[in-house]
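Asker: Sequence and predicted structure are below.
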Amino acid sequence: MRHFSVLFLLAALIMGCKKKEEKPTVIQEETKPDFVVAFGSCNMPQEPNPFWDDILAEQPDVWIWGGDIVYADTEDMDRLRSIYAMQDTVSGYAKLKAEVPIIGTWDDHDFGVNDGGASFAVKKESQQVFLDFMGVPQDSERRTREGVYASHDYQTGAGKLKVIILDTRYFRSDLVKDEDPKRRYQPNMADDATVLGDAQWAWLKNELTHSDADFNLIMSSIQFLSGEHGFESWGNFPKEVEKMENMIVQSGAKGVIILSGDRHISEFSKTNLPGLAYPLVDFTSSGLTHSYFSYSGEPNKYRVGDVVSDKSYGIINLNFKDKEADMKIMGDNGVVLQELKQTY
């Protein structure tokens, strides 16, 4: 009887193993994006940046600087060059730079003066130092025109992306101080007040109108939709906001997404424009090495989700077939702090 029990137990174990083997585990592989965009702003090379390895792990097809690459705030071009050079010695960034194309714009602190604009005395000299850092060839047309604006086209087997880099510093009119102590600036309603200047506006119109890209990303550096907080934004120039919105609608450009930085916070803003077949999103990603840790709230009628006041960077996964952009605010070690998916 004991032998029978042992044989029965062995048979049961064998049958149990066979039964498990008959149920294969199905592993669903995550669909790889057609194109991956990584971007961020507000970076001090002398401060630790925990993200460079995470960004490289995302296997981005391009890295876009959203401004404040360094904090120089100087009219001394030798000092500005030395601070940019410091950024190039950061090992994580050097690895990214060796494997991924780097493009982008400046903002006030790498431009040379806090909240600076067209009146900055050495903006021409600062432009050349910026172009040196970005590796722009000496014979490029960007060396002879005013401003650091540019466009970049990326053709893939699945579709096409255009990245439009704006310069919101070189031509920008003076800001108007606000007497309210809770606000820094109030709207400049002058007829000739501008963010981009005539030449850049004409260039942008041409880029959007003639774009055949499936997605058109516009890097603004300063926020476009969020303008109630009283700090720097396009909202300080309401007529320029209206001009940009009309241009986007009238151009017929597909999949326009605005990228911004500057604020040391990250957030999504979204609105529906009459005549535009899809919502306009402003994806703010700001605070690579320092963030608005004392953030306690501010108005933004276009906000989607919550403000992220932790250090972060942005990822946009583009799917050309489904016309979908998966936008993520990313924390350290690949943690998704917030996500917005939008079809176009």
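Answerer: Arrived safely.
Asker: Need the CA coordinates for stretch 75-93. CSV is fine.
Answerer: Output of stretch 75-93 as CSV, limited to C-alpha atoms (Å, rounded to 0.1, in the frame of the first residue of the first chain):
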residue,chain,number,x,y,z
GLU,A,75,28.3,90.3,-20.4
ASP,A,76,31.7,88.7,-20.2
MET,A,77,31.9,86.4,-23.2
ASP,A,78,35.0,84.6,-21.9
ARG,A,79,33.1,83.7,-18.7
LEU,A,80,30.1,82.6,-20.8
ARG,A,81,32.4,80.3,-22.9
SER,A,82,33.9,78.8,-19.7
ILE,A,83,30.5,78.0,-18.2
TYR,A,84,29.4,76.3,-21.5
ALA,A,85,32.7,74.4,-21.5
MET,A,86,31.9,73.2,-18.0
GLN,A,87,28.6,71.7,-19.3
ASP,A,88,30.5,69.8,-21.9
THR,A,89,32.7,68.2,-19.3
VAL,A,90,29.7,66.6,-17.5
SER,A,91,30.2,62.9,-18.1
GLY,A,92,26.5,62.0,-18.5
TYR,A,93,25.9,64.8,-20.9
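Asker: What residues sit buried inside stretch 292-303?
Answerer: Of all the residues in stretch 292-303, those buried under the rule 16 or more other Cβ atoms under 10 Å are 292, 298, 300, 302-303. Any C-beta I mention is one placed from the backbone N, CA and C, and that applies to glycine too.
Asker: Name the nearest of those relative to Pro50.
Answerer: Tyr292 (17.2 Å; Cβ to Cβ).
Asker: In the helix or strand hosting Val163, which residues are buried?
Answerer: Using DSSP states H and E, Val163 sits within strand 160-165. Residues of strand 160-165 classed as buried: 160-165 (neighbour count, 16+ other Cβ under 10 Å).
Asker: I'd like the average pLDDT over that strand.
Answerer: Mean pLDDT, strand 160-165: 99.
Asker: Which secondary structure elements does it sit against?
Answerer: strand 35-40, strand 62-66, strand 102-105, strand 150-155, helix 198-209, strand 215-221 (3 or more Cβ pairs under 8 Å, 6 or more residues apart in numbering; DSSP states H and E).
Asker: who touches the helix or strand just after the first one?
Answerer: This means strand 35-40. Downstream of strand 35-40, the first helix or strand assigned by DSSP H and E is helix 52-57. With contact meaning Cβ atoms under 8 Å, 6 or more residues apart in numbering, helix 52-57 is reached by 38, 40, 63, 90-93, 95-96, 99-100, 313, 330, 332-334.
Asker: Select only the buried ones of these in ChimeraX?
Answerer: Filtering the contacts of helix 52-57 down to the buried ones (16+ other Cβ under 10 Å) takes a single ChimeraX command:
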select :38,40,63,90,92,93,96,100,313,330
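Asker: which one of the contacts of helix 52-57 is nearest Tyr344?
Answerer: Closest to Tyr344 out of those is Ala38 (19.9 Å), distances taken as Cβ to Cβ.
Asker: so how far is Leu166 from that closest one?
Answerer: Remark: distance between Ala38 and Leu166 (Cβ to Cβ, to the nearest Å) = 19 Å.
Asker: before we move on, what about Tyr71?
Answerer: For Tyr71, the distance to Leu166 - Cβ to Cβ - is 21 Å.
Asker: These two: who's more crowded?
Answerer: Leu166 (27 against 19; other Cβ atoms under 10 Å).
Asker: Please tell me I have it right and that one contacts Tyr149.
Answerer: Yes. Leu166 lies in contact with Tyr149 (Cβ atoms under 8 Å); the separation is 5.5 Å.
Asker: Now list whatever residues contact both of the two.
Answerer: Common neighbours of Leu166 and Tyr149 are listed as 105, 196, 200, 204 (criterion: Cβ under 8 Å, 6+ apart).
Asker: Wait, Gln342 touches Lys323, no?
Answerer: No. With contact defined as Cβ under 8 Å, Gln342 does not count as touching Lys323 (9.3 Å).
Asker: Looking at these two, which has the bigger crowd around it?
Answerer: Gln342 (20 against 16).
Asker: pretty sure the more buried one is in a helix, no?
Answerer: No. Assessed with DSSP: H, G, I helix; E, B strand; the rest coil, Gln342 is strand; it does not lie in a helix.
Asker: hang on, the earlier thing: so which of the helices and strands packed on strand 160-165 comes closest to Val113?
Answerer: Val113 sits nearest to strand 215-221 of all the helices and strands packed on strand 160-165, at 14.5 Å, using Cβ to Cβ.
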